[in-house]
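Asker: For reference, the sequence and a predicted model appear below.
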Amino acid sequence: MKSVKILLKKKEGCQDLPVPRYATSGSSGVDLYADVNEDVILLPGDIKLISAGIYISIPEGYEAEVRPRSGLALKHGISLVNTPGTIDSDYRGLVNLIMINHGKEPFTIRRADRVAQMIIKEVVRADIEVTENLDDTVRSHGGFGHTGK
């Protein structure tokens, strides 16, 4: 398994939050924890910005993707609005999560709750070339459910 070094700095006042870590040897993502000073109630339909309490430095050629936790999604309808969220290698700001409650009941976010996961991925850059013609394929212009027919 390939490994890459990610530098992490905790936000002032977040020394009590766990360092993001892999829950099992087969985990793809590390858990991110809620940096809230008091309970935050996420009402059905609400969208709120929740700090993860960390800053990270990702090497060039990599990105971090922030994704919802499947258990929160299934049990409570909790997700991230921009999923997956992308953290570029040159971003050094606070990692924040745009959380949404798709469920039917209010959801409480407490300090140090595991609220999302972060995956580190290699990035391939595209060389975009403008052309007048594209190659034809069997699918061609079919989209939006076309391959399911």
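Answerer: Sure thing, it's come through.

Asker: Which of the helices or strands spans the most centrally placed residue in the chain?
Answerer: Nearest to the mean C-alpha position of the chain, by CA atoms, centre = their mean, lies V66 at 1.1 Å. Assigned by DSSP states H and E, V66 belongs to strand 62-67.

Asker: quick revisit: for the residue nearest to the centre of the chain, which non-adjacent residue is spatially closest?
Answerer: G85 (4.0 Å; CB to CB, 6 or more residues apart in numbering). Just so you know, the C-beta spots here come from the backbone N, C-alpha and C atoms, and that holds for glycine as well.

Asker: can you map out the helices along this structure?
Answerer: If you assign secondary structure with DSSP state H, the helices in the chain sit at 70-76.

Asker: before we move on, back to that, quick one: mean pLDDT for the strand holding V66?
Answerer: If you average the pLDDT over strand 62-67, you get 98.

Asker: Contacts for that strand, please.
Answerer: Here strand 62-67 makes contact (CB atoms under 8 Å, 6 or more residues apart in numbering) with 4, 6, 29, 32, 56, 58, 80, 83-89, 95, 97, 116-123.

Asker: circling back to that earlier point, isn't the residue nearest to V66 right up against M99?
Answerer: No - G85 sits out of contact with M99 when judged by CB atoms under 8 Å, with a separation of 10.7 Å.
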